[in-house]
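Colleague: A predicted structure for the sequence below; I have some questions about it.
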Amino acid sequence: MKTSIRLAVLICTAIIFVTANIVMAQKAGGPWTIPAKYKSMKSTIKVGDASINSIGKDLYMKHCKSCHGSKGLGDGTKSASLKTLVPSFASKTFKAQADGDIYFQTLVGRDEMPNFEKKIANEGDRWALIYYIKSL
Ligand code: HEC
């Protein structure tokens, strides 16, 4: 009898341990579905515009650094507490995307990636931010 209780406790502990690990593990968000109207979007500023390292950088430090990290590597202070893996802006897959894809991801977001349409309302500021993260 005692042995079976001990065995039951052991099995329960093992189940809790395994479940906790599955629940806590971060998952990559996977490919994004970008609506056509965003895909074809063109920037209102040029590469190298002075606003990228001023307005773009300021917006990044204020709104994005906490999750994405100061260099955009996905290692911000909040990143470890999220269920979704925060992707790196230094990766080839990120940089290979169209500007419009990054616009949608940045402004509209999904799940744990917040929506910034209200917080960042100016079109030129939005593009300065997008070009800033592309430069990381
Ligand atoms: C609360 C944490 C958090 C904040 C703040 C945040 N992000 Fe994110 N971001 C995420 C997460 C998590 C993902 C991955 C989402 C997914 O794949 O479902 C993500 C994904 C992205 C992506 C898609 C990258 C890729 O390669 O898939 C872009 C672009 C992005 N964020 C830009 C920004 C910008 C710009 C800001 C600031 C205006 C910002 N994020 C603020 C958590 C955050």
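Modeller: That came through, no problem. Owing to the predicted nature of the structure, the values given are computational and were not obtained by experimental measurement.

Colleague: get me the contact residues on the protein for the ligand.
Modeller: 29, 63-64, 66-68, 78, 82, 84, 86-87, 94, 102, 105-106, 110-114, 116, 129, 133 (Cβ under 6 Å from any ligand atom). For glycine as for every other residue, the C-beta is placed from the backbone atoms N, C-alpha and C.

Colleague: specify the local secondary structure of residue 103.
Modeller: Assigned by DSSP: H, G, I helix; E, B strand; the rest coil, the conformation of residue 103 is helix.

Colleague: what sits up against stretch 71-78?
Modeller: Contacts to stretch 71-78, defined as Cβ atoms under 8 Å, 6 or more residues apart in numbering, come from residues 64-70, 85-90, 133, 136.

Colleague: mind running it again at 10 Å?
Modeller: 60, 64-70, 79, 82, 85-91, 94, 112, 132-136 (Cβ atoms under 10 Å, 6 or more residues apart in numbering).

Colleague: quick one, which of those residues are buried?
Modeller: Buried members of the contacts of stretch 71-78, scored by 16 or more other Cβ atoms under 10 Å, are 60, 64, 67-69, 79, 82, 86-89, 94, 132-134, 136.
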